[in-house]
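Enquirer: no FASTA, just this:
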């Protein structure tokens, strides 16, 4: 009887929670307050920073530590200047590490030699510098990939775990992978991610679209023996077993992350098409030559429905109206997938295609801006992730200028995730606001009992509302200083400041006037 009552109680609470969850607005917020209105956008604005092949950072192998640091700080300043609020940093591109690890050697993309210590902890440095600028840090892992352009175990560093466990590896094409079908390899991958969550102050674990490798025509993936050993009794078809291998990995990663730190988010950015409608009536109205479900064995729908991820960011790397896979069609399809589920939808945006693609739409300066406008028309699309930073910095068709001057001209707060713990913090204590020659300085006193990780600063505008002017990460020590450099010495300003926890639940505001 007690067990039955407990189950009924849990069911009731779950139902109540979902009702509340469905009532929470998911895009821009403008909430009436007693003394006016706080105006702020809730939008994820993230950018991928790739380390594989030194695509984004470091610019090349073997740079001195200080030069690597200078480069990364410059990249973060570029991201902050665009009013973005999160960085997705690739910290494990090929079963290696950008940090001291028991699960992989130092990455060759740091020093030029796999296993060679760069002389500092890049991940600790990167997280700290991102947080100084109020940016979330999403640690980006590639779970299975061991090599990029060879299958020779002897070329790996002496301390590489793949050398100690060659039976965990599998070659396909010109690359080597951890075999997704071997339970011990799966457990090892999960452990490597849990290690980072435990040891570093990251905000999210992120994976992209690398699961089972892209199929090569006429070359089957060589896991028949693994299937017969581990999967044949439970699964009639090898394809279903492969999908289950990936499903189990995703579930185990989420459980491991939440066990270590319940507030750390787990998100995946899969290929943009789950299944085509011709193969499944519930699939998208597309004719893509590759799909998650049938080719990469990534059943994104199950991850969403089983609540094994906190966000999904499909890589919808096609233009609006593209015949085989139209951006607008897929955005609508993915929106339907997350509707009513405790999973955020962000869209992976193809910055790299702007003015670089055979599709003429990408030569239109308005295409990229139109896509983000389309996102904002949906209550279910909660932001964008841009691939990648170097492509934005190329500024093709002046897109970087457009982001700074138009699309992201004002700052935004990252959407909150109500299902991940935490009440909003207590409202902050504004110790003082002082004018100086270079602007106004707000001093926010730290409450040792507060759960605040960020502060949002609003300023009274001419139209009588309080507009968000910046968000800052809570500093170490007893006080956080916030500078407003856009004030005039002879004018009076009124500020409201709210506290946000690391999941961006926002407090009531405190108010301060400065003359």
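Expert: Good, I have the coordinates. Just so we're clear, the structure is a prediction, and the values are computed from it rather than from any experiment. Numbers count the residues shown, from 1 in each chain.

Enquirer: Report the beta-bridge partner residues of residue 436.
Expert: With DSSP bridges applied, residue 436 shows beta-bridge pairing to residue 439.

Enquirer: How many neighbouring residues does it have?
Expert: By the criterion of other C-beta atoms under 10 Å, residue 436 has 11 neighbours. Every residue, glycine included, has its C-beta placed from N, CA and C.

Enquirer: mind checking pLDDT for it?
Expert: Residue 436 carries a pLDDT value of 78.

Enquirer: can you map out the strands along the stretch 201-350 of the chain?
Expert: Across the stretch 201-350 of the chain, reading from the start of the chain, the strands by DSSP state E, counting those that start in this stretch fall at 204-207, 265-268, 311-312, 344-349.

Enquirer: Can you add distance to residue 148, mean pLDDT and mean neighbour count and give the ones you listed back as CSV?
Expert: Listed next are these as CSV, based on distance: least, C-beta to C-beta, whole Å; pLDDT from 0 to 100; neighbours: other C-beta atoms under 10 Å:
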stretch, distance to residue 148, mean pLDDT, mean neighbour count
strand 204-207, 17, 98, 24
strand 265-268, 21, 98, 24
strand 311-312, 26, 98, 24
strand 344-349, 21, 98, 25
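
Enquirer: Which of these sits closest to residue 59?
Expert: Within the strands of the stretch 201-350 of the chain, the stretch nearest residue 59 is strand 204-207; the backing value is 22.1 Å (C-beta to C-beta).

Enquirer: ok, residues contacting the closest one?
Expert: 86, 88, 136-143, 193, 196-197, 253, 257, 264-269, 310-311 (C-beta atoms under 8 Å, 6 or more residues apart in numbering).

Enquirer: residues touching residue 416, list them.
Expert: 42, 503, 504, 505, 506.

Enquirer: what's the helix or strand for it?
Expert: For residue 416, there is no host helix or strand (DSSP states H and E).

Enquirer: Point out where the stretch 101-250 of the chain drops to low pLDDT.
Expert: Counting by pLDDT under 70, the stretch 101-250 of the chain contains no low-confidence residues.

Enquirer: Make sure residue 331 is actually in contact with residue 347.
Expert: Yes - with the criterion set as C-beta atoms under 8 Å, residue 331 and residue 347 qualify as a contacting pair; they are 6.4 Å apart.

Enquirer: okay, and the common contacts of these two?
Expert: Counting by C-beta under 8 Å, 6+ apart, the common neighbours of residue 331 and residue 347 are 316, 375, 381.

Enquirer: out of those, which is most surrounded?
Expert: Taking other C-beta under 10 Å as the neighbour criterion, residue 316 ranks highest of the shared contacts of residue 331 and residue 347 with 26 neighbours.

Enquirer: tell me the phi and psi of residue 405?
Expert: Backbone geometry at residue 405, expressed as degrees, to the nearest 10, gives phi -90, psi -20.

Enquirer: got a pLDDT number for residue 433?
Expert: You'll see residue 433 listed with a pLDDT of 82.

Enquirer: Surely it is within a helix?
Expert: No - under the criterion used here (DSSP: H, G, I helix; E, B strand; the rest coil), residue 433 is strand, not part of a helix.

Enquirer: ok, now how distant is it from residue 402?
Expert: 34 Å (C-beta to C-beta, to the nearest Å).

Enquirer: which element is residue 441 on?
Expert: For residue 441, the enclosing helix or strand under DSSP H and E is strand 439-445.

Enquirer: Can you spell out which helices and strands pack onto that strand?
Expert: The elements that strand 439-445 packs onto, with contact taken as 3 or more C-beta pairs under 8 Å, 6 or more residues apart in numbering; DSSP states H and E, are strand 429-436, strand 479-484, strand 493-500.

Enquirer: Please repeat the previous calculation with a cut-off of 10 Å.
Expert: Counting by 3 or more C-beta pairs under 10 Å, 6 or more residues apart in numbering; DSSP states H and E, the packing neighbours recorded for strand 439-445 are strand 429-436, strand 454-460, strand 479-484, strand 493-500, strand 510-514.

Enquirer: Lovely, talk soon.
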